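> build me a model from this:
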Amino acid sequence: MTMAARRAVRREEKRMPEHSSRSSEERTPAPYSDASDAGITAVEMARLARVTPADIHYWGKSGYLEKRPGGSSAFPLSQVPKAQLMGIFAKQLCMDTGEASRLAEQLLPLYEQKPDIVTALRTLATAVQSRIGALAEVLVDSGVVSTIDQLLQTEPSEEGP
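Reported below is the predicted structural model:
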């Protein structure tokens, strides 16, 4: 692993200690675009993305995550946000891996502007899994359902969400 990748992993570990008082849903991931050429292993990527190394290996082997050029088994640090988003969609929401990858790709530009999107999606996924009734009530009471209906009636843009 390169020195830049080690620094980025250490920085992330300091930001998200194992015994933090904040829950895992409240933590915000660090943007990784500044060190996109740094390489990390599948185990390191899995730790940062909160998925298993097997997920990272499979997603890399299947072409959903880019590997470093030259046949290396390392992944660019810039792929961490995509792995985080894929983990939410594929693992928490049980989406097809291809669809999870496609959605993650669509959200990456938004992630660069608003890294808290990963935290927001993790919280939403947890609510969908464990408190669907309460979530539905909040969505209806807050008017989000009518906003979603309006969004669904407009033509989707080529640029993403």
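
> which stretches of the protein have low pLDDT?
Along the chain, the model assigns pLDDT under 70 to residues 1-37, 70-72, 156-161.

> all strands of it, in order?
Applying DSSP state E to the chain gives strands spanning 39-40, 75-76.

> in CSV: those, plus mean neighbour count.
No exception for glycine: its C-beta is placed from N, CA and C like everyone else's. Below are the strands of the chain laid out as CSV (neighbours: other C-beta atoms under 10 Å):
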stretch, mean neighbour count
strand 39-40, 24
strand 75-76, 24
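
> make TSV from those and add distance to residue 142 to it.
Formatted as TSV, these follow (distance: least, C-beta to C-beta, whole Å):
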stretch	distance to residue 142
strand 39-40	39
strand 75-76	38
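
> so which of those strands is nearest residue 109?
strand 75-76 (17.1 Å; C-beta to C-beta).

> how far off centre is the closest one?
Its chain's C-alpha centre lies 15 Å from the corresponding centre of strand 75-76 when counted by C-alpha atoms, centre = their mean, to the nearest Å.

> now swap in stretch 141-152 and tell me
Computed by C-alpha atoms, centre = their mean, the chain-centroid distance of stretch 141-152 equals 24 Å.

> would you mind finding the longest helix in the chain?
helix 97-113 (DSSP state H).

> which other helices and strands contact that one?
Contacts defined by 3 or more C-beta pairs under 8 Å, 6 or more residues apart in numbering; DSSP states H and E place helix 97-113 against helix 53-61, helix 80-86, helix 117-130.
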